[in-house]
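Peer 1: The sequence isn't on hand, but the structure is:
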């Protein structure tokens, strides 16, 4: 197992001596692994990703927050604090494979914030990203099988009253399915969809566990 440490960048930004934006960005760093090259690539990728997000928050998002502050003051609305929280979860860490997903939450007004999920599936041995097809060898129709299984699970969830989905979920699953939107767990492949892709906000980020061959 590779030893992974959590790093955090956080801060708050003021305008006219009022806090209008706060942020917390977590990112992983491998501190011990026998796969030295993969470790360096992984660490650089995730550190740069966090730095770039902080740069965006402190420039573009801050400018937007200032405009909203001025508008709210001018129109007698409450002061609103922008918020960005980026957190990750390591879902698999065995041998040369490390898998994780990262949820980036942003609140920029309205009834609630929004979360975007991304994921990484690393082969540290050669510092490459593992394609979903790797887990379904000798099956050129693996995407069709995955889509069928997802629709089957959705139908079961609806029948059992466990989750809400849009009425045309079959069509939406096909339209929004992303080969990169997956992460590895010890026993399965987790396929996920973004908020609003196939279900209302109240259903969160839909995740479906699919059996893998490898």
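Peer 2: Done, it's in. In this text, all values refer to a predicted model and were calculated from it rather than measured experimentally.

Peer 1: Please name the residues that touch residue 129.
Peer 2: 120, 121, 122, 123 (Cβ atoms under 8 Å, 6 or more residues apart in numbering). The way it works is simple: take the backbone N, C-alpha and C, and place the C-beta from them, glycine included.

Peer 1: do that again at 10 Å, thanks
Peer 2: Applying Cβ atoms under 10 Å, 6 or more residues apart in numbering to residue 129 gives the contacts 45, 119, 120, 121, 122, 123, 180.

Peer 1: Which strand residues bridge it?
Peer 2: Note on residue 129: beta-bridge partners residue 122, judged by DSSP bridges.

Peer 1: try residue 97
Peer 2: On the basis of DSSP bridges, residue 97 is bridged to residue 94, residue 123.

Peer 1: my guess is it meets residue 126, correct?
Peer 2: No. Applying Cβ atoms under 10 Å, one finds residue 97 not in contact with residue 126, separated by 11.7 Å.

Peer 1: what's the spacing between residue 93 and residue 34?
Peer 2: Computed with Cβ to Cβ, to the nearest Å, the distance linking residue 93 and residue 34 is 13 Å.

Peer 1: Residue 47 now?
Peer 2: To residue 34, residue 47 is 21 Å away according to Cβ to Cβ.

Peer 1: which residues of this structure fall in strands?
Peer 2: 3-15, 18-32, 82-94, 97-107, 114-123, 128-129, 182-184, 189-192, 207-210 (DSSP state E).
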